[in-house]
Structure formats: C-alpha cells, structure tokens
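# Any chance you could fold what I've pasted below:
(one chain, ligands or ions: 1)
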Amino acid sequence: MLLTISTTYSPATDLGFLLHKHPDRLQTFKLPFGQAHVFYPDASPEKCTVALLLDIDSVGLVRRYRGQRSESFSLAEYVNDRPYVASSFMSVAIARVFGSALAGKCKERPKLIDTPLPLTAKLSTLPCRGGEHFLRHLFEPLGYTVHSEQHVLDSQFADWGKSRYFSVALEGTCRLSDLLTHLYVLIPVLDDEKHYWVDEAEIEKLLKHGEDWLIDHPEQETIVNRYLKHQRRLTRQALSQLSDTGIEIDEDKQNEEELQIEERIGFHEIRLTKTIEVIEQSGAKRVLDLGCGEGKLLRKLLAEKQFEEIVGMDVSHHNLIRVKQRLHYDRLPEKQKDRLTLFQGSLCYRDKRLEGYDAAAVIEVIEHLDSSRLSAFERVLFEYACPELIVLTTPNIEYNIKFENLPTGRFRHKDHRFEWTREEFETWSKDVSKRFGYKVTFHPIGETDDVVGSPTQMAVFIRESSE
Ligand code: SAH
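Sure thing, here's the model as predicted:
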C-alpha cells in the first residue's frame with residue numbers, strides 16, 4: 001500500500017525538513033503489523049515527492065490478533081484486502097512515521113509549518129464505502145480537488161461491476177500538518193473499519209485531530225459515527241463535545257458561503273498568512289483586527305508572541321460569541337486572555353477605543369460596507385484611528401470569472417455591496433493615502449492570472465509620519 005505526497009513549493013526539498021526525513025535516505029520503521037518504508041522518488045528543488053510504503057505482514061497479523069476477531073470464515077483472516085489498501089493501518093503508520101509533521105513541529109523550518117503549500121497526496125488503493133460521491137463530500141469541503149479512478153471488481157468478469165476500491169489523488173494548498181491530519185482521520189472513515197478496539201480514548205484522538213475542521217464539516221455526523229465504529233454512545237458523546245466547542249452546526253451558513261466559493265483553493269489561509277507576515281515584519285506589537293469575523297486571524301495573531309495586545313472588533317455580536325467559542329476563550333490561560341480584547345463596534349463611527357495602535361488588519365471587510373458609508377469608514381480608520389500600518393484586502397472582481405460555481409454577475413457573498421477591479425481598488429487606495437498621509441503598496445494574493453490578476457488584492461498603507 002503506497003501513499004505519496006508531492007509538492008512544487010520552492011525549494012521543494014524543504015518537504016524533507018517538514019517530515020523530518022532526509023530526501024537522500026531510505027528509512028524503514030518497524031510497526032506492530034509490518035514495516036513502513038519512507039523514500040523519495042523525486043527530490044529536486046522544483047518537485048519533491050515522499051513515498052510511504054506500507055508492507056503489512058498478514059500472517060503475523062493473524063497470529064497477533066487471533067482470538068480478538070470473530071470471523072467465522074477462517075480463511076478470511078489470511079486472504080483479505082488489508083495488505084493492499086489504505087486503512088487504519090495507514091493512519092497508524094502516518095502517526096508513527098510522520099508524527100512530528102502531523103503535530104506541526106519543525107525546528108529547522110518553523111515558518112513552513114504554517115505556510116500553505118501546494119500539495120498532492122496520492123493513495124494507490126483506497127476503499128470507499130459510499131463511493132466517489134462520499135469521497136468528494138469528505139475532501140472537497142476541506143479545500144481539496146479530488147481526482148479518483150474506480151477499479152473494477154475483477155477484470156476477467158466485467159459484469160461483476162465496480163469494486164469499492166479507488167485510486168485517489170487529492171490536490172490542495174494547505175499546511176502539511178492539515179493534509180496529514182485529514183488523511184489520518186478520513187482514511188479509516190472511508191474504509192468504515194478499524195483494526196483495533198475503539199473506546200473513549202478514540203474520542204479524544206478524534207477531537208485532537210479533528211476539532212478545528214470537524215466543527216463545521218458538512219459530513220460531521222457520518223465522520224464521527226464511522227470513526228467511532230458506529231458505537232452510538234461514543235458517537236453521541238463526541239458530537240456533544242464537538243458542539244460544546246461552540247459551533248452550532250448548520251448555523252450561519254451565509255457567513256460561510258463566500259469561504260465555500262473560495263476555500264476550495266485555500267485562498268483565505270493564504271490571505272491570512274500574508275497578512276500576519278506583513279504585520280510581523282513591521283515590528284508591530286499592538287494590533288487591531290477590524291471586522292474580525294469568527295476570529296481566524298485573531299487565532300493566528302495569538303500564536304505569535306510578538307503581538308502583545310490584540311483587539312478584535314466586529315459589528316456582529318454573534319460573530320464575537322463565535323470568536324470566543326472558536327478560541328476556547330474560557331479555557332485560555334490568563335496570560336493569553338490578557339493579550340486579547342474583543343468588542344462590538346462599527347467601522348463607520350469614530351471610536352476612541354481604536355486609537356493609538358501600531359497596526360490594523362481589515363481583511364475582506366470593506367466590500368460589506370454600503371458605498372455611501374465608505375467616506376465615513378475612511379475617516380474612522382485613516383484619520384481618527386490612524387494606526388501606523390494598515391493591511392487591507394478585498395476581492396478582485398476581475399477574477400470572479402474563474403470561479404466555476406459563481407454565476408456571472410454575482411458577487412462572492414450575498415452581503416457584498418460591491419467588488420472592485422484592480423484599477424478601482426488602486427484608485428481608491430491612492431486617493432485615501434494622499435488625503436490622510438499614508439504611502440500605499442499593492443500585493444496580489446494567491447495565484448496571479450495574466451489577464452484577470454489574483455483572486456484577492458491587498459493594499460499595505462504606511463503612515464508617513466511614522467517612517
Ligand atoms: N476579517 C474576517 C471576516 C470577514 S467577513 C476574515 O477575514 O475572516 C466581514 C466581517 O466584517 C463580518 O464579520 C462582518 O460582521 C464585519 N463587518 C461588516 N460591516 C462592519 C462594520 N461596519 N464594522 C465592523 N465590522 C463590520
């Protein structure tokens with residue numbers, strides 16, 4: 001059974017650092033059910049592929065697990081698909097062999113841990129109970145493009161039809177730890193089987209690896225149910241623990257709509273990472289996140305020690321509650337709590353609480369303001385709050401034609417009041433800079449198309465008096 005993970009990030013061989021496995025070496029690891037070999041079929045600066053080859057000892061398995069199984073058909077213990085398919089054995093191998101990468105640890109390249117990388121994972125044979133439809137439903141909401149090929153049951157007997165086995169490739173731009181985590185949890189879910197007994201400890205494992213993305217995954221219930229081997233009591237407990245983390249399932253679908261259109265390509269993550277990078281480089285210590293939404297940027301800001309004072313403001317009280325839930329605010333250590341202030345407020349009214357900060361992020365917010373309120377917003381931010389640095393992003397409307405699921409003429413979100421072309425955004429930004437004494441530079445975010453530009457446009461404003 002073979003899993004490969006490739007990247008075209010430059011230099012691609014940095015994958016070796018993230019995985020703690022040197023691209024020049026073949027390494028073999030002993031596992032309770034066989035051996036795992038790790039090697040790199042490609043290792044150039046342009047493309048690097050790591051392979052995890054799982055060699056399951058099926059006879060050893062029978063001896064080891066004899067007595068724990070209840071199969072009455074004893075040959076099935078010897079003749080089964082387990083050595084040839086991705087299953088919970090693969091998840092165990094991922095955890096054992098790539099444990100540090102799964103946990104997002106890397107001393108040699110710490111910045112890379114949180115960098116979304118172009119990644120492709122290939123699984124040579126993946127059993128999918130629920131078929132291609134379910135396979136897509138699991139991975140597409142997480143931002144992957146799914147390629148799959150379903151195999152026939154037996155090429156000698158065409159009328160036996162298709163099997164439940166697929167060759168699968170998942171393509172996405174995400175952190176390596178996210179990809180490994182998704183594979184770790186979802187492979188056994190697709191297989192709908194586990195080679196070991198499942199108890200409460202399994203809930204903990206699931207929440208540890210899945211909390212961030214399971215809370216709003218559309219297949220949450222099925223994932224939890226299958227992961228816990230259909231044990232109703234455990235499933236109920238896990239689902240209730242998940243909803244304790246605060247996210248009311250099915251609520252606020254509208255808030256998510258824009259992200260769904262874009263997230264397939266991981267845009268939001270790229271946007272937020274770039275924002276943090278710019279603010280970090282400015283040396284800012286006291287930072288505002290204006291229109292903070294559900295707190296995705298706040299979470300990243302909190303993770304960086306450089307930021308001593310972090311403020312999240314949003315006009316929506318409901319969003320602020322969700323921020324608290326998402327960040328597990330009540331359980332944060334006092335030191336972390338002290339760094340974070342959340343309050344409700346509007347960017348269209350002067351607010352003394354916003355004055356005197358080093359930096360402000362206004363990420364995907366201005367397009368939610370009525371055009372008639374823009375001039376009020378300009379004064380509130382650039383004249384009164386006037387932080388030394390402002391990082392502001394907004395969609396580039398020219399790019400919309402590239403979203404297949406966005407009807408022509410529609411904005412990316414129902415609540416958008418406008419979306420700007422690059423020229424409109426640059427004209428507006430240069431005009432406010434001139435009027436309020438800032439210098440502005442522009443940065444395309446995401447892959448740039450020759451004709452329509454990048455999906456997101458970012459302007460970075462630096463107050464002239466602070467230079
Ligand atoms: N910045 C966040 C959320 C973007 S969605 C992110 O990138 O994830 C836009 C957010 O702007 C919403 O949370 C909305 O409630 C907020 N918003 C809209 N009008 C606002 C206003 N006048 N003042 C402050 N926040 C506003």
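
# Figure out how far the helix or strand harbouring L18 is from the centre of its chain.
For L18, the element it lies in under DSSP states H and E is helix 14-19. Relative to its chain's centre, helix 14-19 lies at 19 Å (C-alpha atoms, centre = their mean, to the nearest Å).

# Which is the succeeding secondary structure element to it?
strand 27-31.

# Give the other helices and strands that the host helix or strand of H209 contacts.
When elements are assigned from DSSP H and E, H209 belongs to helix 200-214. Contacts defined by 3 or more C-beta pairs under 8 Å, 6 or more residues apart in numbering; DSSP states H and E place helix 200-214 against helix 176-191, helix 220-227, helix 232-244. No exception for glycine: its C-beta is placed from N, CA and C like everyone else's.

# Report the buried residues of that helix.
202-203, 205-207, 209-210, 213-214 (16 or more other C-beta atoms under 10 Å).

# Repeat that for stretch 101-112.
Buried residues in stretch 101-112, counted by 16+ other C-beta under 10 Å: 101-102, 106, 112.

# Just give me the closest of the residues you listed to A238.
L102 (19.9 Å; C-beta to C-beta).

# Verify the contact between the closest one and H182 for me.
No. Counting by C-beta atoms under 8 Å, H182 is not a contact partner of L102; they are 10.6 Å apart.

# Could you name every residue contacting both of those two?
The contact sets of L102 and H182 do not overlap (C-beta atoms under 8 Å, 6 or more residues apart in numbering).

# quick one: E426 and F442 touch, right?
Yes. If you go by C-beta under 8 Å, E426 and F442 touch, sitting 6.2 Å apart.

# Quick check: neighbours shared by the two?
A459.

# State whether K122 is indeed within a strand.
Yes. K122 forms part of a strand when assessed by DSSP: H, G, I helix; E, B strand; the rest coil.

# For this protein, give me the ranges with low pLDDT.
Scanning the chain with the threshold set as pLDDT under 70 gives 62-78, 243-266, 466-467.

# Pull the residues that contact the strand ranked longest in it.
Scanning the chain for the strand with the most residues, using DSSP state E, yields strand 162-174. Identification of contacts with strand 162-174 by C-beta under 8 Å, 6+ apart yields 81, 85, 116-129, 131-132, 135, 139, 142-153, 179, 265-266, 269-270.

# Kindly report the same for stretch 188-205.
The contact list for stretch 188-205, computed with C-beta under 8 Å, 6+ apart, reads 33, 65, 68, 82, 85-89, 91, 126-130, 134-135, 138, 222-223, 226-229, 231, 234, 237-238, 241.

# end-to-end on that stretch?
Start and end residues of stretch 188-205 are separated by 13 Å (C-alpha to C-alpha, to the nearest Å).

# ok, back up a step: single out the most deeply packed of the helices and strands packed on helix 200-214.
helix 176-191 (a mean of 23; mean count of other C-beta atoms under 10 Å).

# between it and helix 200-214, how many degrees?
120 degrees (axes from the mean of the first three to the mean of the last three C-alpha atoms, to 10 degrees).

# The closest residue to Y329 other than its chain neighbours: which element?
Spatial nearest neighbour of Y329, chain neighbours left out: K337 (7.1 Å); criterion: C-beta to C-beta, 6 or more residues apart in numbering. Using DSSP H and E, K337 falls within helix 334-339.

# in that helix, what counts as buried?
R339.

# what's the next secondary structure element after it?
Sequence order places strand 340-344 as the next helix or strand after helix 334-339, per DSSP H and E.

# Give the pairing partners of that next one; include direction for each.
strand 309-314 (parallel) (DSSP bridges).

# need the helices and strands packed on helix 200-214 in a markdown table with distance to A12, can you?
What follows is the helices and strands packed on helix 200-214, written out as a markdown table (distance: least, C-beta to C-beta, whole Å):
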| stretch | distance to A12 |
| --- | --- |
| helix 176-191 | 12 |
| helix 220-227 | 31 |
| helix 232-244 | 36 |
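
# Out of these, which gets nearest to V391?
Closest approach to V391 among the helices and strands packed on helix 200-214 (C-beta to C-beta): helix 176-191, 23.7 Å.

# Show me what from the stretch 201-350 of the chain comes close to the ligand.
Residues of the stretch 201-350 of the chain found near the ligand (C-beta under 6 Å from any ligand atom) are 291-293, 296-297, 314-316, 319, 346-348.

# Just the ones of these in helices?
If you go by DSSP state H, those have 296-297, 319 in helices.

# Nearest to V432 among the residues you listed?
Minimum distance to V432 across those is 21.8 Å, recorded for L297 (C-beta to C-beta).

# my guess is the closest one contacts L290, does it?
No. Between L297 and L290 there is no contact under C-beta under 8 Å: 10.2 Å.

# so what sits against both of these two?
Common neighbours of L297 and L290 (C-beta under 8 Å, 6+ apart) are A361.

# Quick check, the residue in the stretch 101-250 of the chain closest to the ligand?
D216 (13.3 Å; C-beta to the nearest ligand atom).

# and that residue, which of the three is it?
Under three-state DSSP, D216 comes out as coil.

# number of nearby residues for it?
Residues lying near D216 (other C-beta atoms under 10 Å) number 21.

# S6 and L18: what is the separation?
Distance of S6 to L18, given as C-beta to C-beta, to the nearest Å: 13 Å.

# Who has more neighbours out of these two?
Higher neighbour count among S6 and L18: L18, with 27 against 22, using other C-beta under 10 Å.

# ok, that one - contacts?
L18 neighbours (C-beta under 8 Å, 6+ apart): 101, 106, 109, 112-113, 176.

# Going by residue numbers, what spans are strands in the stretch 301-450 of the chain?
If DSSP state E, counting those that start in this stretch is used as the criterion, the strands of the stretch 301-450 of the chain fall at 309-314, 340-344, 359-363, 389-395, 438-445.

# mind checking which of these is nearest K430?
Per C-beta to C-beta, nearest to K430 of the strands of the stretch 301-450 of the chain: strand 438-445, 6.2 Å.

# if we can go back for a sec, please indicate which of the ones in helices among the residues of the stretch 201-350 of the chain next to the ligand has the highest neighbour count?
Highest count within these by other C-beta under 10 Å belongs to L297, 26 neighbours.

# list the contacts for the residue nearest to E447 when sequence neighbours are not counted?
Of all residues beyond its chain neighbours, the one nearest E447 is S454 (6.7 Å), with distances taken as C-beta to C-beta, 6+ apart. Going by C-beta under 8 Å, 6+ apart, S454 touches 396, 399, 444-448.

# what about the residue of the stretch 251-400 of the chain found nearest the ligand, neighbour count?
The nearest approach of the stretch 251-400 of the chain to the ligand comes at G293, 2.5 Å away (C-beta to the nearest ligand atom). When neighbours are defined as other C-beta under 10 Å, G293 has 22 of them.

# Just give the closest residue to it, not the sequence neighbours.
Once flanking residues are discounted, G293 sits nearest to N319: 5.7 Å by C-beta to C-beta, 6+ apart.

# Tell me how far the residue lying closest to L298 once chain neighbours are set aside lies from A101.
Nearest non-adjacent residue to L298, counting by C-beta to C-beta, 6+ apart: G312, 4.8 Å away. According to C-beta to C-beta, G312 stands 30 Å off from A101.
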